[in-house]
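*Asks:* Provided below are the primary sequence and the corresponding predicted coordinates.
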Amino acid sequence: MERFNGSRPGAAGLVLSFGSINADIVAYAPHLPRPGETIHAEHYAINLGGKGANQAAAAGRLACGLGLRAALAGRVGADVFGALVREELSAFGVELQGIGRDAANPTGLALISVDSAGENAITVVGGANMAQDESDVAAAGSLLDEAAVVLLQLEIPGAVVVAAAGRARAGGAIVVLDPAPVPAAGLSDALLGCADILTPNETETERITGLRPRDAATAEVAADRLQQRGVRGAIVKLGARGVFFRFGGAQGFVPPFPVHSIDSVAAGDIFNGGLAVALARGDDPARAVRFAAACGALATTKRGAAKAAPTLAEVDALLG
């Protein structure tokens, strides 16, 4: 198959996210607790989280308006949080057949404290996410074979990411890797080379290349360095300064959208979900990145992670 041509035979417009699934427990308090201190929070929320789930939810919310499908592959525990996140994902229109139940490990959990200024402290328990192995790739094999676009992240073991990417690419899917979080030891050549498109933000780009991009020109230099390390295509996300892209025989820069941002949590995940949907419907690189950038921008106008994902109508309105 020629990639990025929007003509994947038999794919049925399937976007598959393969990765982490968490329940986020968020406590909102006047200030973050100091060591040994107990404080009273004003309120709390339990939300869907994990980069794999966030990206699947964003894709699911958009796909339903385009006649496409969105699915998620990963693991949850056989516990109350596993049931909760499955229910949340289903509400976003995400197909759940790729999610396994792990009787030996709990559902991934993020314990998040947020103060009145918006600062946060987060403790993540990987649980079933970090117990994934190549048996999960085999279990999701039919989805990986069928998908038009596969989204991957680094909140599951790296070997599983590489194996899933290999299976997906062999079937003709476009593979998009969000290199977050970047491991302390950096990214191996196997990880850098396993995908068609790598989507680092400024911090991740700096950790991989040694250069922190601040504008289109420095992002282009960073993309050069990424490709020198074996990356096939790159999208360098500059937050409120726009997006540089080079993949599918095209390159360019998408300037930022004028929105009122209040919360950037998961904006990168929602960007990737939007990118996958645009590629699955056959958009060319420039149009796909602009669509994704609009999704990410709109995510910053709402609070929360997956629940900040925009609808197709909202994206179309911003794009004009």
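*Replies:* Arrived safely. Numbers count the residues shown, from 1 in each chain.
*Asks:* This structure: strands as residue ranges?
*Replies:* Taking DSSP state E as the criterion, the chain carries its strands at 14-18, 22-28, 43-49, 69-77, 94-102, 108-114, 120-125, 149-152, 174-177, 197-198, 234-237, 243-247, 250-254.
*Asks:* Which among those is found nearest to Ala313?
*Replies:* Using Cβ to Cβ as the measure, strand 69-77 is the one of the strands of the chain that comes nearest Ala313, at 17.2 Å. (C-beta placed from N, C-alpha, C; glycine too.)
*Asks:* tell me which strands and helices that closest one is in contact with?
*Replies:* The helices and strands touching strand 69-77, judged by 3 or more Cβ pairs under 8 Å, 6 or more residues apart in numbering; DSSP states H and E, are strand 14-18, helix 51-63, helix 80-91, strand 94-102, helix 134-139, helix 141-146.
*Asks:* So for Ala266, which of those sits nearest?
*Replies:* helix 51-63 (4.9 Å).
*Asks:* so the closest one versus strand 108-114, what angle?
*Replies:* 90 degrees (axes from the mean of the first three to the mean of the last three Cα atoms, to 10 degrees).
*Asks:* tell me the average confidence for helix 51-63?
*Replies:* Helix 51-63 comes out with an average pLDDT of 97.
*Asks:* Send me that helix as CSV with only the CA atoms.
*Replies:* Extracted as CSV, the C-alpha positions of helix 51-63 are listed here (Å, rounded to 0.1, in the frame of the first residue of the first chain):
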residue,chain,number,x,y,z
LYS,A,51,-2.7,8.7,26.8
GLY,A,52,-4.1,5.6,24.9
ALA,A,53,-7.6,6.2,26.2
ASN,A,54,-7.5,10.0,25.7
GLN,A,55,-6.5,9.5,22.1
ALA,A,56,-9.1,6.9,21.5
ALA,A,57,-11.8,9.0,23.1
ALA,A,58,-10.9,12.0,20.9
ALA,A,59,-11.0,9.9,17.8
GLY,A,60,-14.3,8.3,18.8
ARG,A,61,-16.0,11.6,19.3
LEU,A,62,-14.9,12.8,15.9
ALA,A,63,-15.3,9.5,14.0
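*Asks:* Tell me who's in contact with Ala168.
*Replies:* Leu16, Phe18, Leu144, Asp145, Ala147, Val150, Val175 (Cβ atoms under 8 Å, 6 or more residues apart in numbering).
*Asks:* how about a cut-off of 10 Å?
*Replies:* Residues near Ala168 by Cβ atoms under 10 Å, 6 or more residues apart in numbering: 16, 18, 137, 140-141, 143-152, 174-176, 194-196.
*Asks:* again, but for Arg69
*Replies:* If you count contacts by Cβ under 10 Å, 6+ apart, Arg69 has them with 11-16, 59-60, 63, 93-95, 143, 146-148, 280.
*Asks:* any idea how far Asp79 is from Gly126?
*Replies:* Here Asp79 is placed at a distance of 14 Å from Gly126 (Cβ to Cβ, to the nearest Å).
*Asks:* right, I mislabeled it, should have said Pro256
*Replies:* From Pro256 over to Gly126 the distance is 33 Å, taken as Cβ to Cβ.
*Asks:* Ok, Glu134 next?
*Replies:* For Glu134, the distance to Gly126 equals 17 Å [Cβ to Cβ].
*Asks:* what do you get for Ile25?
*Replies:* To Gly126, Ile25 is 15 Å away according to Cβ to Cβ.
*Asks:* now swap in Thr209 and tell me
*Replies:* Taking Cβ to Cβ as the measure, Thr209 falls 27 Å from Gly126.
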